[in-house]
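K.L.:
Here's my sequence, what's the structure:
(one chain, ligands or ions: 1)
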Amino acid sequence: MVLAELGGSISRALQKMSNATIIDEKVLGECLNEITRALMQSDVKFEMIRDMMANIKRIVNLEDLAAGHNKRRIIQQAVFNELCKMMDPGKPSFTPKKGKSCVVMFVGLQGSGKTTTCTKYAYYNQKKGFKPALVCADTFRAGAFDQLKQNATKAKIPFYGSYMESDPVKIAAEGVERFKKENNDLIIVDTSGRHMQEAALFEEMRQVSEATKPDLVIFVMDGSIGQMAFAQSQAFKQSVPVGAVIVTKMDGHAKGGGALSAVAATKSPVIFIGTGEHMDEFEVFDVKPFVSRLLGMGDWSGFMDKIQEVVPTDQQPELLQKLSEGSFTLRLMYEQFQNILKMGPIGQVFSMLPGFSAEVMPKGHEKESQAKLKRYMTMMDSMTNAELDSTNPKIFNDSRALRIARGSGRSIRDVMEMLEEYKRLSKIWSKMKGLKIPKKGEMSALSRNMNAQHMSALSRNMNAQHMSKFLPPQMLKLIGGMEGLQSLMKQMGSKDMMGGMFGGGGDK
Ligand SMILES: Nc1nc2c(ncn2[C@@H]2O[C@H](COP(=O)(O)OP(=O)(O)OP(=O)(O)O)[C@@H](O)[C@H]2O)c(=O)[nH]1
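P.N.:
Below you'll find the predicted structure:
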């Protein structure tokens with residue numbers, strides 16, 4: 001089961017529970033059993049699932065929850081929090097600082113994707129303004145140096161290695177010294193891949209670590225190693241001070257559950273995931289937005305960042321205004337599809353939108369998904385202005401549907417499918433109704449003075465008082481007024497309040 005499917009299964013279990021008239025022990029038990037099954041199928045370690053379930057049951061004590069309490073929301077929130085807790089060791093990893101020389105050492109099993117990931121990491125940070133350099137201390141695999149050299153040259157990153165020298169400790173120490181002298185602020189050391197049984201190679205890795213004194217050791221693991229992940233990452237942690245994890249090959253059929261085990265075994269956070277063989281197929285990993293996206297709840301701050309990036313500045317206030325009025329029209333959907341098509345890695349963007357999970361837009365199916373959007377847009381091109389600006393899907397009677405189908409060369413069934421999609425999205429996005437937005441002029445001033453990072457920092461730094469001003473009154477009431485909001489923000493960390501609150505998988 002790939003992670004997107006895991007998210008889908010958990011969302012469905014929660015949805016099934018939400019559809020029940022009364023939530024009693026039986027309904028809750030069934031929901032938790034389904035979630036347990038889904039996690040087991042994703043290779044999550046049994047002990048972790050057991051603890052997660054015990055915690056949820058402790059938080060959601062149905063007997064203690066008075067009738068007025070919103071049990072659905074409390075259960076969904078508990079599942080969300082526990083999933084986050086599983087992936088969050090509670091302490092951030094070391095982050096390199098520009099202009100200050102730092103050494104990052106990569107370790108991992110043979111073939112896990114270490115060498116590829118070293119270059120991706122260097123390339124990513126180079127784009128952020130660092131001066132990275134690569135040192136190849138993998139003298140074990142013939143061809144490792146060539147591979148690193150080739151990748152480094154492509155990305156114009158300086159590198160160091162040797163065809164002659166067979167002592168990795170010596171190469172590592174020399175490389176680090178040289179790049180320190182050359183004022184490179186991010187010196188990345190690639191080491192040989194190991195098998196768990198090879199005690200001598202583990203010793204060698206320990207010596208490289210001693211010689212280079214890394215500020216951060218990153219454990220690279222293949223996302224598909226499943227149940228073995230716990231023991232393997234633990235073995236690495238026992239030899240070198242692993243401080244962060246990168247999970248690779250998350251684009252394939254990786255079950256991904258092993259990643260959670262690696263977090264538990266190394267007590268270190270996952271900081272990036274690899275999603276392909278190419279240099280830029282590399283994503284920052286952030287727990288709450290990830291879980292939010294996994295469950296199809298959207299990643300509001302990520303989405304806001306994307307809006308800042310791609311929606312033309314003068315269209316931003318209008319979009320937010322319309323959303324705040326709750327008038328999600330077909331025209332708005334059309335415009336959003338247009339923006340999405342412009343935004344690039346469509347799967348990524350889609351999963352940030354409330355209502356779309358990664359399951360809806362699976363990686364590898366981007367072409368089909370793009371074609372679908374274009375098909376919908378062609379049908380919308382055959383609509384009248386009144387139809388596009390209406391918020392009432394009931395106006396689409398048989399004769400209108402037939403006209404649109406004929407006009408666009410599609411079948412009535414296609415038109416119906418597109419209208420169903422509109423209804424589904426409209427329901428989700430209507431939760432934005434009442435969203436307080438900056439006044440006219442303020443938004444463009446805001447965009448002029450702020451970049452995407454500022455925007456997400458803004459939503460991160462909001463306190464409950466600020467947040468309450470942005471919430472529709474009925475939503476504030478639903479979560480128990482200011483007091484409820486404060487405790488919810490404490491539980492979630494304010495960063496993803498918006499994603500959680502406006503998300504599709506949220507309250508019912
Ligand atoms: N699909 C996919 N392939 C990846 C990813 N990361 C690495 N690979 C591929 O995995 C294979 C092994 O990657 P390497 O970087 O050579 O692995 P390594 O861990 O350095 O190998 P050793 O030096 O033998 O330990 C290569 O074919 C890479 O292209 C990823 O995120 N997705």
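K.L.:
any idea how far the ligand is from Lys71?
P.N.:
40 Å (C-beta to the nearest ligand atom, to the nearest Å). To be clear about C-beta, it is placed using only N, CA and C from the backbone, and glycine gets the same treatment.
K.L.:
Ok, Arg403 next?
P.N.:
For Arg403, the distance to the ligand equals 46 Å [C-beta to the nearest ligand atom].
K.L.:
do the same with Ser18
P.N.:
When distance is defined by C-beta to the nearest ligand atom, Ser18 is 35 Å away from the ligand.
K.L.:
tell me which element that residue is part of?
P.N.:
helix 3-19 (DSSP states H and E).
K.L.:
Could you tell me which residues within that helix count as buried?
P.N.:
For helix 3-19, a neighbour-count test (16 or more other C-beta atoms under 10 Å) marks 3-15, 17-18 as buried.
K.L.:
Beyond it, next helix or strand please.
P.N.:
That would be, after helix 3-19 and using DSSP H and E, helix 25-41.
K.L.:
Which elements pack onto that next one?
P.N.:
When contacts are defined as 3 or more C-beta pairs under 8 Å, 6 or more residues apart in numbering; DSSP states H and E, helix 25-41 packs onto helix 3-19, helix 46-59, helix 71-87.
K.L.:
Now do the buried residues in the shortest one.
P.N.:
So that's helix 46-59. Met48, Ile49, Met52, Met53, Ile56.
K.L.:
ok, the buried residues of helix 3-19 vs Val217, which is closest?
P.N.:
Relative to Val217, the closest of the buried residues of helix 3-19 is Leu3; by C-beta to C-beta it sits at 25.0 Å.
K.L.:
Quick check: pLDDT value at that closest one.
P.N.:
Listed pLDDT for Leu3 reads 60.
K.L.:
The ligand contacts on the stretch 151-300 of the chain?
P.N.:
Selection of the stretch 151-300 of the chain residues close to the ligand by C-beta under 6 Å from any ligand atom yields Gly193, Thr248, Lys249, Asp251, Gly252, Gly274, Thr275, Gly276, Glu277.
K.L.:
Of these - the most surrounded one?
P.N.:
Ranked by neighbour count (other C-beta atoms under 10 Å), these have Thr248 at the top, with 29 neighbours.
K.L.:
Go ahead and confirm it touches Val220.
P.N.:
Yes: counting by C-beta atoms under 8 Å, Thr248 touches Val220, with 6.2 Å between them.
K.L.:
what's the overlap in contacts for these two?
P.N.:
Ser112, Gly113, Thr117 (C-beta atoms under 8 Å, 6 or more residues apart in numbering).
K.L.:
quick one: which of those sit in helices?
P.N.:
Thr117 (DSSP state H).
K.L.:
most neighbours, which of the shared contacts of Thr248 and Val220?
P.N.:
Ranking the shared contacts of Thr248 and Val220 using other C-beta under 10 Å puts Ser112 first, with 25 neighbours.
K.L.:
What separation do you get for that one and Phe106?
P.N.:
When distance is defined by C-beta to C-beta, to the nearest Å, Ser112 is 10 Å away from Phe106.
K.L.:
any residues in contact with both of those two?
P.N.:
Residues touching both Ser112 and Phe106 by C-beta under 8 Å, 6+ apart: Val220.
K.L.:
which residue ranges form the strands in the protein?
P.N.:
Assigned by DSSP state E, the chain shows strands spanning 102-108, 132-137, 159-160, 186-191, 216-222, 242-248, 270-274, 282-284.
K.L.:
Sheet partners, orientation included, of the third one?
P.N.:
When sheet partners are counted by DSSP bridges, strand 159-160 sits next to strand 132-137 (parallel).
K.L.:
just to revisit the earlier point, quick one: which of the buried residues of helix 3-19 is nearest Lys100?
P.N.:
Leu3 (35.1 Å).
K.L.:
Tell me the helices and strands packed up against the helix holding Ser18.
P.N.:
Helix 3-19 is packed against helix 25-41, helix 71-87, helix 287-294, with contacts defined by 3+ C-beta pairs under 8 Å, 6+ apart.
K.L.:
10 Å instead, please
P.N.:
Helices and strands touching helix 3-19, by 3 or more C-beta pairs under 10 Å, 6 or more residues apart in numbering; DSSP states H and E, are helix 25-41, helix 71-87, helix 257-266, helix 287-294, helix 346-352.
K.L.:
Using PDB, list the CA coordinates for that helix.
P.N.:
Output of helix 3-19 as PDB, limited to C-alpha atoms (Å, rounded to 0.1, in the frame of the first residue of the first chain):
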ATOM      1  CA  LEU A   3       1.200   6.200   1.500                       C
ATOM      2  CA  ALA A   4      -1.500   8.000  -0.600                       C
ATOM      3  CA  GLU A   5      -3.600   4.800  -0.300                       C
ATOM      4  CA  LEU A   6      -3.000   4.700   3.400                       C
ATOM      5  CA  GLY A   7      -4.300   8.300   3.600                       C
ATOM      6  CA  GLY A   8      -7.300   7.300   1.500                       C
ATOM      7  CA  SER A   9      -8.000   4.300   3.800                       C
ATOM      8  CA  ILE A  10      -7.800   6.400   7.000                       C
ATOM      9  CA  SER A  11     -10.000   9.200   5.500                       C
ATOM     10  CA  ARG A  12     -12.600   6.600   4.400                       C
ATOM     11  CA  ALA A  13     -12.600   5.000   7.900                       C
ATOM     12  CA  LEU A  14     -13.100   8.500   9.400                       C
ATOM     13  CA  GLN A  15     -15.800   9.300   6.900                       C
ATOM     14  CA  LYS A  16     -17.700   6.100   7.600                       C
ATOM     15  CA  MET A  17     -17.600   6.900  11.300                       C
ATOM     16  CA  SER A  18     -18.900  10.400  10.500                       C
ATOM     17  CA  ASN A  19     -21.800   9.000   8.500                       C
END
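K.L.:
so it versus helix 287-294, what angle?
P.N.:
In terms of direction (axes from the mean of the first three to the mean of the last three C-alpha atoms, to 10 degrees), helix 3-19 departs from helix 287-294 by 70 degrees.
K.L.:
Compute the inter-axis angle for helix 3-19 and strand 242-248.
P.N.:
Going by the same axes, to 10 degrees, helix 3-19 makes 90 degrees with strand 242-248.
K.L.:
For the helices and strands packed on helix 25-41, give me a markdown table that also has distance to Val263.
P.N.:
Shown next, in a markdown table, are the helices and strands packed on helix 25-41 (distance: least, C-beta to C-beta, whole Å):
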| stretch | distance to Val263 |
| --- | --- |
| helix 3-19 | 14 |
| helix 46-59 | 9 |
| helix 71-87 | 6 |
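K.L.:
mean pLDDT for the ones you listed: which is lowest?
P.N.:
Minimum mean pLDDT among these: helix 3-19, a mean of 77.
K.L.:
can I assume Ile23 is in contact with Val60?
P.N.:
Yes: Ile23 is within contact range of Val60, at 9.2 Å (criterion: C-beta atoms under 10 Å).
K.L.:
For these two, list the residues in contact with both.
P.N.:
Common neighbours of Ile23 and Val60, using C-beta atoms under 10 Å, 6 or more residues apart in numbering, are Lys71, Ile74, Ile75.
K.L.:
in the stretch 251-400 of the chain, what residue is nearest the ligand?
P.N.:
Going by C-beta to the nearest ligand atom, the ligand is nearest to Gly274 of the stretch 251-400 of the chain, at 2.7 Å.
K.L.:
Got the confidence number for that residue?
P.N.:
pLDDT, read off for Gly274, is 89.
K.L.:
ok, now Arg194?
P.N.:
On pLDDT, Arg194 comes in at 69.
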